[in-house]
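Undergrad: structure of the sequence below:
(4 chains)
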Number of protein chains: 2
Amino acid sequence: MDADFFCLHSELCKTLANEKRQMILAALRDGERSVSELSERTGIGQANLSQHLATMRAHDVVRARREGRSIRYSIANPKLIQAFDLITEVMQESMERRSRTADAPGA
Amino acid sequence: MDADFFCLHSELCKTLANEKRQMILAALRDGERSVSELSERTGIGQANLSQHLATMRAHDVVRARREGRSIRYSIANPKLIQAFDLITEVMQESMERRSRTADAPGA
DNA sequence: GGCACATATTCAAATGTTCGAATATTGTTA
DNA sequence: TAACAATATTCGAACATTTGAATATGTGCC
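TA: Sure, this is the predicted structure:
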């Protein structure tokens, strides 16, 4: 595990670490969507959406495929969904621990 | 999944999405370490290390425990290691695909 | 070709992150 | 309690990210 490894790894993480990109990924969870569908579903404006999609394409997080007039995006690797869900679990467990600690009589 | 969810989720991701913090996590993988041990292992300076540890503490990514003069850190939730490894796999698969594509005769 | 539609790119301002130097805090031990 | 060792915090400068407005590109259809 050299410096390069951590650099690449954190680049990929950074790609996932953005509220809007997460909304986009969530919208892509159950299948391909066109940019305009994504815009409707997420409420993100056209330009910004396209920018985020470009970032994710560049890091191989999503795939683009033209179909007629529109371009349909999908999640490139199902493991990304697993990772997303794992982080969700960590988040929930940490919130549970927090509320348990706050409720504890000794605190 | 509301806006809050994505905000929290991406906050946690952001905490992981940094080269140095990843080095710290990797150094904590196989057990507790004091700050000075971490500094030696990772080559990160004291102040900066402490800043990153504070960020990770704030997001419940690591735990701190005093032992004698030093403070020993550990990873708060083993699922974080799973997530780290999943992202590693995604990264590797994406690199493999890339080199296969580059080598492909049709390209 | 020329128009309309869908998506991408460029630009610049606002905002957020990272870093080391300096300094503060806090437990431990004498 | 004073001195020390270990860690934490504050500050400001450098750098990176995010955003919408404007504009460009590409595609299908007449």
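
Undergrad: any low-confidence regions in chain A?
TA: For chain A, the stretches with pLDDT under 70 are A:102-107.

Undergrad: so for chain A, which residue is the most central one in space?
TA: Nearest to the geometric centre of chain A sits A:Q22, at 3.2 Å (CA atoms, centre = their mean).

Undergrad: so which residues make contact with the lengthiest helix in chain A?
TA: Counting by DSSP state H, the longest helix found in chain A is helix A:79-103. Contact with helix A:79-103 is made by A:16, A:22, A:25-26, A:29, A:61, A:75, A:107, B:8-9, B:12-13, B:59-60, B:76-77, B:79-80, B:82-83, B:86-87, B:89-90, B:93, as judged by CB atoms under 8 Å, 6 or more residues apart in numbering or on different chains. All C-beta atoms are positioned from the backbone trio N, CA, C, and that covers glycine.

Undergrad: ok, now with 7 Å
TA: A:25, A:29, A:61, A:75, A:107, B:8-9, B:12-13, B:60, B:77, B:79-80, B:82-83, B:86-87, B:89-90 (CB atoms under 7 Å, 6 or more residues apart in numbering or on different chains).

Undergrad: buried subset of these, written for ChimeraX?
TA: Here is the ChimeraX selection string for the buried members of those, based on 16 or more other CB atoms under 10 Å in any protein chain shown:
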select /A:25,61,75 /B:8,9,12,13,60,77,79,80,82,83,86,87,90
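
Undergrad: intersect the contacts of helix A:79-103 with the contacts of DNA strand C.
TA: Applying CB under 7 Å from any atom of the strand to those, one finds that nothing falls near DNA strand C.

Undergrad: what parts of chain A come near chain B?
TA: A:1, A:6-10, A:12-14, A:16-19, A:22-23, A:26, A:60, A:77, A:79-80, A:82-83, A:86-91, A:93-94 (CB under 7 Å from any CB of the partner chain).

Undergrad: could you chop chain A up by domain?
TA: Chain A breaks down by automatic domain parsing into domains covering A:3-76, A:77-107.

Undergrad: among these, which is the most enclosed?
TA: Across the domains of chain A, averaging neighbours per residue (mean count of other CB atoms under 10 Å in any protein chain shown) puts domain A:3-76 on top, at a mean of 17.

Undergrad: measure that one end to end?
TA: End-to-end span of domain A:3-76 (CA to CA, to the nearest Å): 25 Å.

Undergrad: now that domain, how far from the centre of its chain.
TA: Here domain A:3-76 is found 7 Å from its chain centre; the criterion is CA atoms, centre = their mean, to the nearest Å.
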